[in-house]
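Undergrad: build the 3D model from these lines:
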Amino acid sequence: MLYWVAHHDLMRILRSVSSGLLWMNNFFLMWLALLPFPTEMMGAYPHNETAVLFFGLITMMAAIAFISLRLYVLFERDLLDPQFDAAYLRHSIRNSAIGTALYFIALLVSYLSEQITITMYALIPFLFFVPVRIKEQAAGTE
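TA: Numbers count the residues shown, from 1 in each chain. Predicted coordinates for the structure are as follows:
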């Protein structure tokens, strides 16, 4: 769900689109479309190292694709609404990179313990609740 909210926020700040943006967006959406399968596998086989690794790999690829999409928007300045502060987008990219690094660490930890890895997978999304709250307070939409 966090991806859909973040994706909506990203699309809202655009003033135009390009074919490159459409391809980057499709790349991101492809990884999201793949998520139900490894989620089902991990749910059915939570102690299977392959299932846990597969979930983490797909989730990490979705995160990398979303960072790439945000970077594309950031560097293609003509796509952004001129009234939007690009510093917020840079901050979002930095937070996403931290989440992606944590998914990578969780993948490495999976060789030691699937349970710790699953716990890490469950906790990583909570990192993104605080920035959303700060953004809402700054905008006065609390």
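
Undergrad: wait, is residue 17 part of a strand?
TA: No: secondary structure of residue 17 (DSSP: H, G, I helix; E, B strand; the rest coil): coil, not part of a strand.

Undergrad: contacting residues for it?
TA: The neighbours of residue 17, taking CB atoms under 8 Å, 6 or more residues apart in numbering as the test, are residue 79. (C-beta placed from N, C-alpha, C; glycine too.)

Undergrad: setting aside sequence neighbours, what's the nearest residue to the spatially most central residue of the chain?
TA: Residue closest to the average C-alpha location in the chain (CA atoms, centre = their mean): residue 63, at 3.7 Å. Of all residues not flanking residue 63 in the chain, residue 100 sits nearest, at 4.3 Å (CB to CB, 6 or more residues apart in numbering).

Undergrad: show the average pLDDT along the longest helix along the chain.
TA: As assigned by DSSP state H, the longest helix anywhere in the chain is helix 49-75. Averaged across helix 49-75, pLDDT comes to 94.

Undergrad: so residue 47, which of the three states?
TA: coil.

Undergrad: nearest residue to it in space, please, no chain neighbours.
TA: residue 114 (5.6 Å).

Undergrad: neighbours of that neighbour, how many?
TA: Using other CB atoms under 10 Å, residue 114 has 19 neighbouring residues.

Undergrad: roughly how far apart are it and residue 37?
TA: Taking CB to CB, to the nearest Å as the measure, residue 114 falls 18 Å from residue 37.

Undergrad: repeat for residue 56
TA: 13 Å.

Undergrad: quick one, helices of the chain?
TA: Under DSSP H, the chain gives helices at 2-12, 19-34, 36-44, 49-75, 86-109, 114-123, 129-139.

Undergrad: which of those sits most buried?
TA: helix 49-75 (a mean of 19; mean count of other CB atoms under 10 Å).

Undergrad: separation between residue 36 and residue 50?
TA: Residue 36 is 17 Å from residue 50, where distance means CB to CB.
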